[in-house]
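# I'll drop the sequence and a predicted model, then ask my questions.
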Amino acid sequence: MKFIFADSLDYVDPAFDFLGDRSPADRQPYWDDAFPHEIMGYAPYDGVLVSRGIVGDHRVKGKYTASQARRFSLVGVRKFLRLDTPEFADLDIFGDCGAFTYVQEEKPPYTPLEMAEFYDECGFTHGCSVDHIIFDFDAQLVAMDGASPDARQRFDITLANAEAFHREASAMGAGFTPLGVVQGWSPGSMAEAARRLVAMGYDYLALGGMVPLKSPDIKRCLAAIRDAVPESTRLHILGFAKADDIDSFHGFDIASFDTTSPLIRAFKDAKQNYYLPGEDLALRYFTSIRVPQAIENPKLQRAVKKGQVRAEELVRLEALALGSLRAFDRGEAGLEEVLHNVLVYSAPLVEEQPYADCAGSPALTLLADRYRRTLTEQPWKQCSCAICRDASIDVIIFRGSNRNKRRGIHNLAVYKNHIERLDLKRAVIRPDDLQRRLCAAEP
């Protein structure tokens, strides 16, 4: 099973100064920055996915600048992502249309021919057909029953585009593997879409619309699809938001999936920000310690404007919190002292009032428990990856993109190792055991 990382220009500045909180004055983003596989020294994934909508153009505003989009089209995806060296030659590069970027449109802005040419000319190894997301979902519906007119229209558009895309890719002798995208409003409709895609000639299918679904519903869709297509048909899950639950999906013989979850959770999850391997093929999670920039954080600045705290005092508390954390990392400060300094600075952020007025609040008490575990176990000292060796305690500090994304890249590496361990486990479990465990995992 391949773990494909969905990239959105997730690079960091290798020359970032943690003490000074700044990059070099002459830094040029992208050119001077490092992608995950560069800063780690190896690829912490089995492949990368790039969405057409992320690249962007005059129709869809992406995340790339105009000059980056031009360079992408000129040099191709592998050179643009700096994956054109021998050690990365076997890395898969998937492409999709980025259907979330045009979800409000009546129809996709890209044609099947345009996408086939885009994948082929830019050097993708795999390319998804042009789909249109269906957000309606009801697991209780039977077969093709119950769809709204909009869902049926998107279903028909997706299949018509898939048929044309396969035809265009075959006609041009494309150098990429085409994936037919499955969209539907129920397990039965997805199974029917999969059956039709296989009839068109696809042997690799990508399941779309999975992001908002809970694990049991995703499994129902996979089960229905597996019953409808040949056993040899490979399945990919697009935007797999339940990535940490991947082991419970192994009975469906998933060939690949893409996700940003390990990186995104580094700075968007409330408590599970830093990964480490655990016992019994599980993951351990730790809460990062928030020390935002006093003069840049909007919430802290609102507290200053409301007179809840003076700007000068806020800057002093910020410096005290950071200094205490670094002293703790060197073994020069006690845990409770450091925790107190961090919580005093956190109070205006969490409770919008000084620490003296809310020291025993439930929110601060819960935060203290999470931070105490992080500081007690010092997870950054349990990891030997390039990021943790270089950043030390700064990798666990929630503060700015260069720290937060480094933590996310560390998570990618831990997660890649997690997938490899799961694959080793599957290799020694008999098929009947797989099915029994899968059934036992169902709620």
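In hand now; what should we look at?

# What strand or helix carries residue 205?
strand 204-207 (DSSP states H and E).

# And that strand, what does it pack against?
strand 177-182, helix 187-200, helix 215-228, strand 234-237 (3 or more C-beta pairs under 8 Å, 6 or more residues apart in numbering; DSSP states H and E). Glycine gets a C-beta too; all of them are placed from N, C-alpha and C.

# redo that, cut-off 7 Å
Applying 3 or more C-beta pairs under 7 Å, 6 or more residues apart in numbering; DSSP states H and E, one finds that strand 204-207 contacts strand 177-182, strand 234-237.

# How much space separates residue 183 from residue 284?
Look at residue 183 and residue 284: by C-beta to C-beta, to the nearest Å, they are 36 Å apart.

# Those two: which has the busier surroundings?
residue 183 (25 against 15; other C-beta atoms under 10 Å).

# Just the pLDDT at the more buried one, thanks.
Note on residue 183: pLDDT of 97.

# mind checking how far it is from residue 216?
19 Å.

# Look at residue 266 and say how many residues are nearby.
25.

# That one touches residue 409, doesn't it?
No - between residue 266 and residue 409 there is no contact under C-beta atoms under 7 Å: 8.3 Å.

# what's the longest helix in the protein?
helix 400-427 (DSSP state H).

# Tell me which residues of that helix come out buried.
400, 402-416, 418-419, 426 (16 or more other C-beta atoms under 10 Å).

# Tell me which of the helices and strands packed on strand 204-207 is the most buried.
Mean neighbours per residue, mean count of other C-beta atoms under 10 Å, is largest over the helices and strands packed on strand 204-207 for strand 177-182, with a mean of 27.

# same for that strand, what does it pack against?
So strand 177-182, by 3+ C-beta pairs under 7 Å, 6+ apart, packs with strand 126-128, helix 149-171, helix 187-200, strand 204-207.

# Just checking: what are the partner strands of that strand?
Sheet pairing of strand 177-182 (DSSP bridges) gives strand 126-128 (parallel), strand 204-207 (parallel).

# Quickly list the domain ranges of this structure.
Annotated domains of the chain cover 46-259, 285-412 [automatic domain parsing].

# So which of those domains is the most surrounded?
It is domain 46-259: most buried of the domains of the chain by mean count of other C-beta under 10 Å, with a mean of 19.

# give the contact list for residue 73.
Contact analysis of residue 73 by C-beta atoms under 7 Å, 6 or more residues apart in numbering lists residue 122.

# cool, and the one 5 residues further on?
Residue 78 is in contact with 84, 93, 123, counting by C-beta under 7 Å, 6+ apart.

# That one: helix or strand, and which one exactly?
Here residue 78, judged by DSSP H and E, is contained in helix 77-80.

# Of the helices and strands packed on strand 204-207, give the one that comes closest to residue 19.
strand 234-237 (41.8 Å; C-beta to C-beta).

# How far away from the center of its chain is the closest one?
Distance of strand 234-237 from its chain centroid, counting by C-alpha atoms, centre = their mean, to the nearest Å, is 17 Å.

# swap in stretch 261-280?
11 Å.

# how deep is residue 31 tucked in, by neighbour count?
6.

# Surely it is in a strand?
No - Residue 31 is assigned coil when assessed by DSSP: H, G, I helix; E, B strand; the rest coil, not a strand.

# give the contact list for residue 154.
132, 134, 183.

# Need the residues you listed in CSV (columns: distance to residue 167).
Shown next, in CSV, are the contacts of residue 154 (distance: C-beta to C-beta, whole Å):
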residue, distance to residue 167
132, 19
134, 23
183, 19
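
# Now do the helix or strand following the helix holding residue 78 and strand 177-182, the angle between them.
Toward the C-terminus, helix 77-80 is succeeded by strand 92-96 as the next helix or strand (DSSP H and E). Here strand 92-96 points in a direction 40 degrees away from that of strand 177-182 (axes from the mean of the first three to the mean of the last three C-alpha atoms, to 10 degrees).

# For residue 9, give me the backbone phi and psi.
Backbone geometry at residue 9, expressed as degrees, to the nearest 10, gives phi 60, psi 50.

# Quick check, pLDDT for the nearest residue to it once chain neighbours are set aside.
Of all residues beyond its chain neighbours, the one nearest residue 9 is residue 63 (5.8 Å), with distances taken as C-beta to C-beta, 6 or more residues apart in numbering. pLDDT for residue 63: 93.
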